[in-house]
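K.L.:
3D model of this:
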Amino acid sequence: MKRHRIGTVVTLFVTLGAVTAGTPATAARAPARAVEPATPVVTALDRAAHPLRGVEPGGDTRDLRPLDRMVGDARVVGLGEATHSSHDFFALKDRVFRRLVVEKGFRTFALEAPWSTGLRLDAYVVHGKGDPRRIMREEFQRDYLWWNNADHLRLIEWMRAYNVRHPDDPVRFMGDDIAWTGPELYDRVTAHVAEHHPGLSARFAELYRGLRPTVATGEYIERYLNKPYAERRERADRTGEALRLLRAQGPGKDPEAHARAVQHARAIDRTARQYAFDFTSPEQVAEAMRYRDEAMAANVVWWQRHTGTKVAVSAHNDHLGYVSADPVHYPRVQGAYLRDRLGPGYVSVGLSFDRGSFNATGPDGAVRRWTLGPADPGSNEHTLDRVRHRDYVVDLRTVGAPADAWLNLARPTRRIGTDYPDGPYDVALARSHDVLIHLHEVRAARLLDR
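P.N.:
Now for the predicted structure:
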């Protein structure tokens, strides 16, 4: 999530915009936890919490058995993060996904990354096509640079190794976001049209004129954002017409190929439509954010139903929860749309932390490592960190009194996106997520190619 500065086209993707204090990381790890007398809320959380042995993937995973029960029969599980660039969140999601694959039959890892990016990485994890380091370097630029990290590379390489051992039952990788559509997707759509509907080839060439990327991901996004509003609207009109034309042809003799081509054309249209808002208007910016989260949810649901696989979705807490922490700028979020479409088939898992470090862009525009000390009294994290376990998972739906009432009241909570300072925001945890994983301390992720 990126902050959008109203009145300037700096970036399309926004983080929540309140300001809090922070300093570049230079200090050593935080000191040991202070001991405070337990309150009735902490005592109730103690009874409900299940300890975790750590965040690193591999080894014994029996401590995740309670999470298995919390996930239940869900077809889609959202795995959140309280910052966009902390190693411990990424590593834990890797660990949880591996457990879900082995014990719960999950087969897809979905990332807050473009649809076409996901297809490139899926080709690698399933068929070994390409070099993951190169794919990540080429795809994870600008708004997505946070994903080009050592933890995601480790997960992708594990997925490939798993598929070598299980070629008939592979795990898959998907991207559900819409800021970028790579050139290969335009090629797939036009090739499908040329093969199945050759009379439309010239029309599609005209409709996609000037849209197929010929420059790197980051530069393409930057150029698109700086185009006049009228031109961005006109481009969306053309991609929408292409999508309507393709859908009107019907499934023909190859329904599977038609369904894939329509989804790819839809991805192209969603990218153009995401940029077809007036970014000088606060109302239009908010509508763009609503559109983005709805589109991400729709992509996940299409993939889940089309592939028949269970999906673990990785994104920020404020995408995968049910209630927006900043409804003025984020009217509705992905988790709410997923619940609309899937009901109890979707489970939201939020992640929180008491202290530690993360990468984020500072006010000067430079990416830096930031460190935060213990959470302030009165915040959600301050109370969560008083539970007797250092790291733990708790089902927010079944916590007993008086913690249940406490979890349903909004209070300051760390929700840090790609820019810092950011937050805190008032969040009622039990209204935002089904399950919470709390970590005592996190460390910044190791970004690659920087």
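K.L.:
Could you check how far stretch 375-383 is from the centre of its chain?
P.N.:
Distance, stretch centre to chain centre, for stretch 375-383: 25 Å (CA atoms, centre = their mean, to the nearest Å).
K.L.:
what about that stretch, how long is it end to end?
P.N.:
9 Å (CA to CA, to the nearest Å).
K.L.:
Quick one: residues contacting residue 240.
P.N.:
Residues near residue 240 by CB atoms under 8 Å, 6 or more residues apart in numbering: 269, 272, 273. C-beta coordinates here come from the backbone N, C-alpha and C atoms, glycine included.
K.L.:
Mind checking which of those residues land in helices?
P.N.:
269, 272, 273 (DSSP state H).
K.L.:
thinking the second one is in contact with residue 234, fair?
P.N.:
Spelled out, it's residue 272. No - the criterion here is CB atoms under 8 Å, and residue 272 misses it with residue 234 at 9.5 Å.
K.L.:
The two: who's more crowded?
P.N.:
Neighbours were counted for residue 272 and for residue 234 using other CB atoms under 10 Å; residue 272 has more, 24 against 13.
K.L.:
Next one: that one from residue 281, what distance?
P.N.:
18 Å (CB to CB, to the nearest Å).
K.L.:
Where do the strands of the stretch 351-450 of the chain begin and end?
P.N.:
With DSSP state E, counting those that start in this stretch as the criterion, the stretch 351-450 of the chain has strands at 367-372, 392-395, 411-413, 425-427, 435-442.
K.L.:
To residue 294, which of those strands lies closest?
P.N.:
Closest to residue 294 of those, according to CB to CB: strand 425-427, at 21.1 Å.
K.L.:
Point out the other helices and strands that that closest one packs with.
P.N.:
Under the contact criterion of 3 or more CB pairs under 8 Å, 6 or more residues apart in numbering; DSSP states H and E, strand 425-427 touches strand 411-413.
K.L.:
Let me see the contact set for residue 44.
P.N.:
With CB under 8 Å, 6+ apart, residue 44 has these contacts: 399, 400, 401, 402, 403, 404.
K.L.:
one more time with 7 Å, if that's ok
P.N.:
Contacts for residue 44 were tallied using CB atoms under 7 Å, 6 or more residues apart in numbering; they are 399, 400, 401, 402, 403.
K.L.:
In helices, which of the residues you listed fall?
P.N.:
Filtering the contacts of residue 44 for helices - DSSP H - leaves residue 403.
K.L.:
thinking again about what came up before, what's the closest of the contacts of residue 240 to residue 408?
P.N.:
Scanning those for proximity to residue 408, where the rule is CB to CB, the winner is residue 273, at 36.1 Å.
K.L.:
how near is that closest one to residue 70?
P.N.:
Residue 273 sits 36 Å away from residue 70, going by CB to CB.
K.L.:
how many other residues sit next to the closest residue to residue 156 other than its chain neighbours?
P.N.:
In space, and not counting its chain neighbours, residue 156 is closest to residue 132: 4.9 Å by CB to CB, 6 or more residues apart in numbering. Per other CB under 10 Å, the neighbour tally for residue 132 reads 20.
K.L.:
my read: residue 132 touches residue 123, true?
P.N.:
No - with contact defined as CB atoms under 7 Å, residue 132 does not count as touching residue 123 (10.4 Å).
K.L.:
What's the mean pLDDT across stretch 392-401?
P.N.:
Averaging pLDDT along stretch 392-401 yields 98.
K.L.:
That stretch: end-to-end distance?
P.N.:
Using CA to CA, the end-to-end distance of stretch 392-401 comes out at 19 Å.
K.L.:
If you count neighbours, what's buried in that stretch?
P.N.:
Across stretch 392-401, burial judged by 16 or more other CB atoms under 10 Å covers 392, 393, 394, 395, 396, 399.
K.L.:
Give me the local confidence score for the nearest residue to the first one once chain neighbours are set aside.
P.N.:
Spatially, and ignoring its direct neighbours in sequence, residue 392 is nearest to residue 49 (4.1 Å; CB to CB, 6+ apart). Reported pLDDT at residue 49 in the predicted model: 98.
K.L.:
Please name the bridge partners of the closest residue to residue 380 other than its chain neighbours.
P.N.:
Of all residues not flanking residue 380 in the chain, residue 413 sits nearest, at 4.6 Å (CB to CB, 6+ apart). Beta-bridge pairing of residue 413 under DSSP bridges involves residue 425.
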